[in-house]
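Engineer: sequence first, then the predicted structure:
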Amino acid sequence: MTRFALAATCCALALSACSDPAASSSNANSSETMTTQSTNADTIATGDEAALRARLALAERVVPNLDQLIARQLVVDSARACPVDDGVTIPLADLPEDATDPAANGALAEDYLGNIVSEPCVFQLPSGLAFRIRTASDDGASPMRGDMVTVNYRGQLLNGEEFDSSWTRGEPATFPSDRLIAGWVEALPLMRVGERWELFIHPDLAYGMRGTPGGPIGPNMALVFELELLDLPG
């Protein structure tokens, strides 16, 4: 997908967001302007980039950081097109001798995540979230931020130690997609129902310097999750 085709899609979505109750409210005149200036697919198809740029400028006022949204979607599109061999496994690393030391955990996280992007079909979003799409879907629905989602997941430390798993419990989990660690909140709206991703999550996008006091996740630890989006129970 070309950048302009993707931009047109983002533009259309941005403009349609004006009618979403969750989007920022606007007055009636603004709504009429959005309707009048909505993306015309025929115009875009003729290669009228000037018209598209005007619509993108409008979309930028509706959805800040549109360029970042486009860049993120391009990364996801590339990941979906990357075939992952069944023999590819998640790399492991030895934890520091003192797993409660935030400095040691942080150093390991930076080293691990710096190297993970060289692994087959691992991509990184502008936020620093690294991921690999194990199972891609061509037409599954994607959740909006805040939608209820039903997932299977497995969380592990960098040494492969599992600390939580719906598969182990034998039952998927359902929860709001925006009340989770930042890495999940970013990943879920990019996923499609039926997809299975591996997430390589920086401490800043996980549990940060706090970790899980009294639990298995030390301060400043990077984490790995396998995440399968099963349904949008809505």
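Structural biologist: Thanks, I have the structure now.

Engineer: measure residue 75 to residue 129 for me?
Structural biologist: Residue 75 sits 10 Å away from residue 129, taking CB to CB, to the nearest Å as the criterion. In this view, the C-beta of every residue, glycine as well, is placed from N, C-alpha and C.

Engineer: which of those two has more neighbours?
Structural biologist: The residue with more neighbours, out of residue 75 and residue 129, is residue 129; 23 against 17, by other CB atoms under 10 Å.

Engineer: surely that one is in contact with residue 204?
Structural biologist: No. Using CB atoms under 8 Å, residue 129 is not in contact with residue 204; the gap is 9.9 Å.

Engineer: and this protein, what are its domains?
Structural biologist: 3-64, 85-231 (automatic domain parsing).

Engineer: highest mean neighbour count out of these?
Structural biologist: Stretch with highest mean neighbour count among those: domain 85-231 (a mean of 17; mean count of other CB atoms under 10 Å).

Engineer: helices along the protein, start to end?
Structural biologist: The residue ranges that make up the helices of the chain, judged by DSSP state H, are 3-16, 28-36, 41-45, 49-62, 66-80, 102-116, 166-169, 182-187.

Engineer: quick one: low-confidence residue ranges for this structure.
Structural biologist: By pLDDT under 70, the low-scoring segments of the chain are 1-47, 56, 58-64.

Engineer: who's in contact with the residue nearest the centre of it?
Structural biologist: With distances taken as CA atoms, centre = their mean, the residue of the chain nearest its centroid is residue 187 (2.1 Å). Taking CB atoms under 8 Å, 6 or more residues apart in numbering as the definition of contact, the neighbours of residue 187 are 129, 131, 197, 199, 227.

Engineer: again, only this time at 10 Å
Structural biologist: Applying CB atoms under 10 Å, 6 or more residues apart in numbering, one finds that residue 187 lies in contact with 76, 125, 127, 129, 131, 177, 180-181, 197, 199, 201, 205, 225, 227, 229.

Engineer: then residue 114?
Structural biologist: For residue 114, the residues meeting the contact criterion (CB under 10 Å, 6+ apart) are residue 130.

Engineer: ditto for residue 92
Structural biologist: With CB under 10 Å, 6+ apart as the criterion, the residues that contact residue 92 are 112, 156-161, 224.

Engineer: next, show the common contact partners of residue 75 and residue 129.
Structural biologist: In terms of CB under 10 Å, 6+ apart, residue 75 and residue 129 are both contacted by the residues 123, 190.

Engineer: is the residue nearest to residue 78 when sequence neighbours are not counted in a bridge, and if so with what?
Structural biologist: With CB to CB, 6 or more residues apart in numbering as the measure, residue 123 is the residue that lies nearest to residue 78, at 6.2 Å, once sequence neighbours are left out. On the basis of DSSP bridges, residue 123 is bridged to residue 131.

Engineer: distance check, residue 193 against residue 124.
Structural biologist: 24 Å.

Engineer: I meant to write residue 71 there.
Structural biologist: Distance, residue 71 to residue 124, using CB to CB: 11 Å.

Engineer: same check, this time on residue 54
Structural biologist: Using CB to CB, one gets 32 Å for the distance from residue 54 to residue 124.

Engineer: ok, residue 156 next?
Structural biologist: 19 Å.

Engineer: now do residue 172
Structural biologist: As judged by CB to CB, residue 172 and residue 124 stand 28 Å apart.
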